[in-house]
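**Student:** okay, sequence plus prediction incoming.
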Amino acid sequence: MPAVLLPVLGRWYSFAPWALVAAVVWRRHGLRAAGAMVLGGWAIAFAAEWASTAGPGIPFGVYHYRLAGLRHDWLVLGVPVFDSVSFTWLAYCAYTLVGWLGARRGRRLLLGALVMVAIDLLVDPVALRGARWFLGSIYSYPPGSGAWFGVSYLNYGGWLVVGLALQFWLRLCLGETRPQGSAGLLVSGVLVIGVYLQSAVLAVALGVGPTALACLGALLAAGALARWPRPQSPSRAGPPLLVACALSSEARAARAALPGRWERSRSGGLVRWASTGLAVEVWETGMGQTAARAGARRAPSGSPVLVAGVAGGCAPGWELGMVGVASSVLTPAGAWVRTDQVHTDRLLLAGAGRPCRLASVAGIADEPDARDRLVERGSDLVEMETAAWLEERGPGVTALRVVLDTRDQPLGPAGQLLRLGGRGPSPGLLLTLLARHPMAVPSLIAVGRRQRAALAALTKGVAIALEVMRELPAATVPGGAPEPPQGGGST
């Protein structure tokens, strides 16, 4: 290994979790979000450490790094890189875990920061005694400033401030998402438990055992507050709000938009996910007009419906990952019908997406000529379910779609893995495709990457839509009222 990389090997316990978390975020949210998270998180932590060690002692109070103990480490203006990158992956773990437990919005940010403070109650006193284990003697406080086993109380106030900043930055980068059996949740749990167990053993061996009890108590308290029941929305009673998705991946992204636990049930080809805390259900109907129509006929009377999922871009200006809120829908019969205008207008006002005219067709329209014909009819995006919901339900149907493919970047071979009525790619079709076209692998990988980014955008859009639709009753304007044809494509 080149000598320049030895600091990575020597401080593996900081860099390895950092790289692992970055990979998880890359896979779930895309390269841009992962890059913004790790670079922005490091910049926040570095600025705080530099200001405390070389500046006015804000926010952590005055302390000093010992260069003799850091001679084999990467330093930036006297601040070791391995220390400042640790803040980012620890912040991600805290953000993920309290979100999984049910905390949202400001409560999630505050509790995430408190989890970081709780861990530092144990880690900092242990690290201060690094000369007695493999960390080494890397920093010190001025004499007389260490009230908590040698650590200044001001340090923990700084951790709260920096923790809040990092939690807010994660919210900007990742959105208000809750993991559903994701790698992020597993990684976060393993890392936090691993940090606690290692530090607790060291704390007992170093004679600062009470710090382990304090850390555990604070973590349990933060977890209990995250699980504390949120007040039910008084503005909605009666039938649940339905989020209708064709594919399992779309339904998973929709569930990630709402914290809490979900109960799964299945009847025939319909899979239902009911929130245990709120009057919201996510349905997996299967792909296509026939499957969507069957689901619409089984929906409770009076339930507002949000049809959510991915779509293909037809008109110029619609790029991968862009979110569209349908103002009107072109049915397979060639008629334009309006969606729920009250909810649609509020979703647009809340920033859930941009207005679009949606073509809802009977089969995959992946060819450029097919999309050009839809543009001539005035369509921006194309999918295969919303028309069935509108024709069966009339009022109360809203549609939110995220662009997965475009005229210039079609699904290609990936489109052959989907069948009408199915809820995801078929393994049998995948094997058949690879047997016939082994060179399709790069195209499939590219579509998979685009899908991850699109589903992350879908989660954010659905989160905004649920906040709006849970506060408003369903529209009374007939959803099937015809809309005069309009030329052009993009709205």
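**Tutor:** Structure received. Numbering: from 1, shown residues only.
**Student:** domain-wise, how is the chain divided?
**Tutor:** Taking automatic domain parsing as the reference, the chain has its domains at 3-227, 241-469.
**Student:** just to be sure, residue 329 is in a strand?
**Tutor:** Yes - assessed by DSSP: H, G, I helix; E, B strand; the rest coil, residue 329 belongs to a strand.
**Student:** I figured it hits residue 344, correct?
**Tutor:** No - in this structure residue 329 lies outside contact range of residue 344 using C-beta atoms under 8 Å: 10.9 Å. Heads up, the C-betas are built off the backbone N, CA and C, glycines and all.
**Student:** where does the prediction get shaky in this structure?
**Tutor:** Applying pLDDT under 70 to the chain flags residues 1-4, 176-182, 229-238, 429, 471-491.
**Student:** quick one: residue 22 from residue 121, how far?
**Tutor:** 26 Å (C-beta to C-beta, to the nearest Å).
**Student:** what's the answer for residue 83, then?
**Tutor:** In terms of C-beta to C-beta, residue 83 sits 17 Å off from residue 121.
**Student:** what of residue 454?
**Tutor:** Distance from residue 454 to residue 121, by C-beta to C-beta: 41 Å.
**Student:** what's the nearest residue to residue 271 if we skip its chain neighbours?
**Tutor:** residue 284 (4.0 Å; C-beta to C-beta, 6 or more residues apart in numbering).
**Student:** partner strands of the helix or strand where residue 281 lies, with direction?
**Tutor:** Per DSSP states H and E: residue 281 is located in strand 280-284. Strand 280-284 has the following strand partners under DSSP bridges: strand 241-245 (parallel), strand 270-275 (antiparallel).
**Student:** could you point out which element follows it?
**Tutor:** By DSSP H and E, the next helix or strand past strand 280-284 is helix 289-298.
**Student:** ok so, going back, would a markdown table of the domains of the chain with mean neighbour count be doable?
**Tutor:** Converted to a markdown table, those look like this (neighbours: other C-beta atoms under 10 Å):
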| stretch | mean neighbour count |
| --- | --- |
| domain 3-227 | 19 |
| domain 241-469 | 20 |
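**Student:** pull the CA atoms of stretch 375-382 into PDB?
**Tutor:** Coordinates of each C-alpha in stretch 375-382 appear next as PDB, following Å, rounded to 0.1, in the frame of the first residue of the first chain:
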ATOM      1  CA  VAL A 375     -46.500  14.900 -27.300                       C
ATOM      2  CA  GLU A 376     -48.700  15.800 -30.300                       C
ATOM      3  CA  ARG A 377     -51.700  15.100 -28.100                       C
ATOM      4  CA  GLY A 378     -50.300  17.500 -25.400                       C
ATOM      5  CA  SER A 379     -48.800  15.000 -23.000                       C
ATOM      6  CA  ASP A 380     -45.700  15.600 -20.900                       C
ATOM      7  CA  LEU A 381     -45.400  12.200 -19.200                       C
ATOM      8  CA  VAL A 382     -46.700   8.700 -19.800                       C
END
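**Student:** when you give positions from now on, start the count at 841
**Tutor:** Fine by me, first position is 841 from now on; the one you just mentioned is stretch 1215-1222.
**Student:** longest helix anywhere in the protein?
**Tutor:** Secondary structure of the chain read by DSSP state H shows that its longest helix is helix 1281-1309.
**Student:** which one of the strands paired with strand 1120-1124 lies nearest to residue 1285?
**Tutor:** strand 1081-1085 (23.6 Å; C-beta to C-beta).
**Student:** show me what the following helix or strand past that closest one is packed against.
**Tutor:** Using DSSP H and E, the next helix or strand after strand 1081-1085 towards the C-terminus is helix 1088-1095. Counting contacts by 3 or more C-beta pairs under 8 Å, 6 or more residues apart in numbering; DSSP states H and E, helix 1088-1095 packs against strand 1081-1085, strand 1110-1115, strand 1120-1124, strand 1145-1153, helix 1281-1309.
**Student:** residue 1006: which of these is closest?
**Tutor:** helix 1281-1309 (19.4 Å).
**Student:** and the helices in the stretch 891-1040 of the chain, which stretches?
**Tutor:** 921-941, 945-968, 993-1014, 1023-1045 (DSSP state H, counting those that start in this stretch).
**Student:** how about those, which one is nearest residue 1243?
**Tutor:** That would be helix 993-1014 among the helices of the stretch 891-1040 of the chain, by C-beta to C-beta, at 19.9 Å.
**Student:** who touches the closest residue to residue 1143 other than its chain neighbours in this structure?
**Tutor:** In this structure, residue 1143 finds its nearest non-sequential neighbour in residue 1079, 4.0 Å apart by C-beta to C-beta, 6+ apart. Residues counted as contacts of residue 1079 (C-beta atoms under 8 Å, 6 or more residues apart in numbering) are 1119, 1140-1143.
**Student:** in strands only, show me those.
**Tutor:** In strands, judged by DSSP state E, none of the contacts of residue 1079 are found.
**Student:** so what does the one helix or strand residue 1177 maps to touch, helix or strand wise?
**Tutor:** Assigned by DSSP H and E, residue 1177 falls within strand 1176-1178. If contacts are counted by 3+ C-beta pairs under 8 Å, 6+ apart, strand 1176-1178 sits against strand 1163-1170, helix 1226-1233.
**Student:** among the ones you listed, which is nearest residue 885?
**Tutor:** So among these, strand 1163-1170 is nearest, using C-beta to C-beta, at 31.6 Å.
**Student:** in PDB, list the C-alpha atoms belonging to that closest one.
**Tutor:** Coordinates of each C-alpha in strand 1163-1170 appear next as PDB, following Å, rounded to 0.1, in the frame of the first residue of the first chain:
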ATOM      1  CA  VAL A1163     -41.500  15.200 -10.300                       C
ATOM      2  CA  GLY A1164     -44.800  15.900 -12.100                       C
ATOM      3  CA  VAL A1165     -48.200  16.500 -10.500                       C
ATOM      4  CA  ALA A1166     -50.900  15.800 -13.100                       C
ATOM      5  CA  SER A1167     -53.500  18.400 -13.800                       C
ATOM      6  CA  SER A1168     -55.200  16.200 -16.400                       C
ATOM      7  CA  VAL A1169     -54.900  12.700 -17.800                       C
ATOM      8  CA  LEU A1170     -55.300  11.300 -21.300                       C
END
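**Student:** how distant is that strand from the center of its chain?
**Tutor:** Distance of strand 1163-1170 from the chain centroid (C-alpha atoms, centre = their mean, to the nearest Å) equals 23 Å.
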